[in-house]
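A.B. asks: take a look and give me a structure for this.
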Amino acid sequence: MKHTALDIQKNKDHYQLLLSKLKFRLQKIHEGGGQKKIEKQHQKGKLSARERINHLIDDNSDFLEIGAFAAYGMYKEYGGCPAAGVITGIGYVSGRQCMIIANDATVKAGAWFPMTGKKNLRAQEIAMENRLPVIYLVDSAGVFLPMQDEIFPDKEHFGRIFRNNAKMSSMGIPQIAAIMGSCVAGGAYLPIMSDEALIVNETGSIFLAGPYLVKAAIGEDVDKETLGGAHTQSNISGVTDYKMDNDEDCLDIIKKLVDKMGEFPKAGFDRKTSKEPAKDSKEIIEIFPETSSKPYDSRAILERIVDNSELIEYKAGYGQTIITAYARIDGWAVGIVANNRQVVKSAKGELQFGGVIYSDSADKAARFIMNCNQKRIPLVFMHDVTGFMVGKRSEHGGIIKDGAKMVNAVSNSTVPKFSVIMGNSYGAGNYAMCGKAYDPRLIVAWPTAKVAVMGGKQAAKVLTQIQVSSMKAKGQAPDPAKEQELFEAISNKYEEQTSPYYAASRLWVDAIINPSETRKVISEGIKAANNAEIEKFNPGVFQV
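C.D. replies: Alright, predicted model coming up:
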């Protein structure tokens, strides 16, 4: 598919604007509670959460942040909660990938909001799936009390974190906790359920109830240090294992502890010497259209992501609205399932719309996913899908059965799966292409991503038609002006809810990334996944 010079420039300008917005928003998030709060941390002799992470990870190594946009635009009545008050991600410590979870005390004293809990659980989930050592940098005032009913009692709430501590311990996944500030009430279990706990003198404290609650409960007067400071918990109670003089010394000891850890058996995914794409990855933003309705050559996108721009297509002439191909990404062997956004002709000569999953493409994808499981090849799903084909012909052709085959294969796949939402990810298409509900090891979005049950305009049309039909049933004549007003209101609401920032704020995706970072994210994900052996693939009942 050829693009004119004008198309290329429009696409590029549009994307550069999106990337500028992404960069600006990330910079604001990285400020946490603001410079004044960071300075207060420094006055107490403490580093900020991001400074702690920077000191902990190896020099000149990357930190793959997970959930930077968690809680973005949420909790406005409480002044917001940047990054949900906790920083999580995969970083290299003494040459080893670790999951790092650091409370940000500049955001509401590191208190736990509902999204804080969800983000912690996602970080632990990634660590458990990939057998990554976990490092907790604890500095939190505990549950945010005005929202306790949304963080405390349920299965996926605060208590699940401690359950995961115990589960990871039973799995042999190392956990190290550093108490670098407050550690109160239920939150005190997290570091002490870890394998080893460090505490920083004078700034770290850990207790089930603070001085005020102790006074209220039993009438005892006691100061914070005597109750649960470093001396008490290291020399008297023996609760903590190492007493450190300051943040820097504490982090340095963690590096030395990680350096002594043994290795896990590897999954054995194939990796060769990495080769850069023969076609420039910077050109992705010139190819990807400025509007989601325009077709484009999906292969041209893939060729700018995979090593040497080489794809081995599986069933290239069949089921052409999905591309299935073997390739390498940063040397790792991968199987790619990508929505083809070109309009194509089926074997019967019928036109098929790009980005729609037809029976033949679902059938092809299901078989390819099974092959990748048979050969122990990680899967990469590249989303730009509006859903499955509907209508009489599709229903008579068994679209539900073929779609179910694909969903079954994705659900039961045991090789690690990685999802990249490039554009649309609508309805059952999101499910079939390994959306968040289907356990991708990592799921990331480009700034052009849209996640919803359907597109904004389609949803607005459906809901408007329902409202108009309801009015007619009551004998009321529809008002065209009010009908248009209703359509626009619904459409605008849907557009807001389909944005990648809305998805990222609720952790439907782990990160919003620049398309040029796609190779790096997938490579880091497969390297992490290689730490955990995989189970045998069993597709269950499979409708042929």
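
A.B. asks: quick one: low-confidence parts of the stretch 401-544 of the chain?
C.D. replies: 541-544 (pLDDT under 70).

A.B. asks: which of the three states applies to residue 181?
C.D. replies: Under the three-state scheme (DSSP: H, G, I helix; E, B strand; the rest coil), residue 181 adopts strand.

A.B. asks: start the count at 464, not 1, going forward
C.D. replies: Shifting the count to begin at 464 puts that one at residue 644.

A.B. asks: pull the number of nearby residues for it.
C.D. replies: If you count neighbours by other CB atoms under 10 Å, residue 644 ends up with 25. (Each C-beta comes from the backbone N, C-alpha and C, glycine too.)

A.B. asks: for it, what are its contacts?
C.D. replies: Residues near residue 644 by CB atoms under 8 Å, 6 or more residues apart in numbering: 509, 566, 568, 573, 601-603, 666-668.

A.B. asks: so what pLDDT did it get?
C.D. replies: At residue 644, the pLDDT value in this model is 94.

A.B. asks: quick one: furthest residue from the center of the chain?
C.D. replies: For the chain, the largest distance from the centre (CA atoms, centre = their mean) belongs to residue 938, which lies 48.8 Å off.

A.B. asks: could you look up the SS state of it?
C.D. replies: Strictly by three-state DSSP, residue 938 counts as coil.

A.B. asks: dihedrals phi and psi, residue 761?
C.D. replies: When read as degrees, to the nearest 10, the backbone of residue 761 gives phi -60, psi -30.

A.B. asks: wait, isn't it in contact with residue 802?
C.D. replies: Yes: Residue 761 is within contact range of residue 802, at 6.6 Å (criterion: CB atoms under 8 Å).

A.B. asks: next up, the contacts around residue 646.
C.D. replies: Neighbour list for residue 646: 601-603, 653-654, 667-670 [criterion: CB under 8 Å, 6+ apart].

A.B. asks: list the buried residues for stretch 560-571?
C.D. replies: 560-571 (16 or more other CB atoms under 10 Å).

A.B. asks: which residues in the stretch 814-963 of the chain form strands?
C.D. replies: Assigned by DSSP state E, counting those that start in this stretch, the strands in the stretch 814-963 of the chain fall at 814-815, 819-820, 842-848, 850-851, 880-889, 905-908, 913-915.

A.B. asks: only alpha carbons, please: show the longest one as CSV.
C.D. replies: When you say that, I think you mean strand 880-889. Taking Å, rounded to 0.1, in the frame of the first residue of the first chain, the C-alpha atoms of strand 880-889 are listed here in CSV:
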residue,chain,number,x,y,z
LYS,A,880,2.1,-14.1,25.5
PHE,A,881,2.8,-10.4,24.9
SER,A,882,0.2,-8.0,23.6
VAL,A,883,0.8,-4.6,21.9
ILE,A,884,-2.3,-2.5,21.2
MET,A,885,-1.4,-0.4,18.2
GLY,A,886,-4.8,0.9,17.3
ASN,A,887,-8.3,-0.5,17.9
SER,A,888,-9.0,-3.3,20.3
TYR,A,889,-12.7,-3.7,20.3
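
A.B. asks: partner strands of it, parallel or antiparallel?
C.D. replies: strand 842-848 (parallel), strand 905-908 (parallel), strand 913-915 (parallel) (DSSP bridges).

A.B. asks: minimum distance to residue 550: which of these has it?
C.D. replies: strand 905-908 (16.8 Å; CB to CB).

A.B. asks: show me the contact partners of that closest one.
C.D. replies: Contacts for strand 905-908 (CB under 8 Å, 6+ apart): 529, 589, 881-884, 897-899, 914, 963, 966-967, 971-976, 981, 984-985, 988.

A.B. asks: for the strands of the stretch 814-963 of the chain, could you give me CSV that also reports mean neighbour count and distance to residue 952?
C.D. replies: Formatted as CSV, those follow (neighbours: other CB atoms under 10 Å; distance: least, CB to CB, whole Å):
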stretch, mean neighbour count, distance to residue 952
strand 814-815, 14, 34
strand 819-820, 24, 28
strand 842-848, 27, 27
strand 850-851, 22, 24
strand 880-889, 27, 20
strand 905-908, 26, 26
strand 913-915, 23, 16
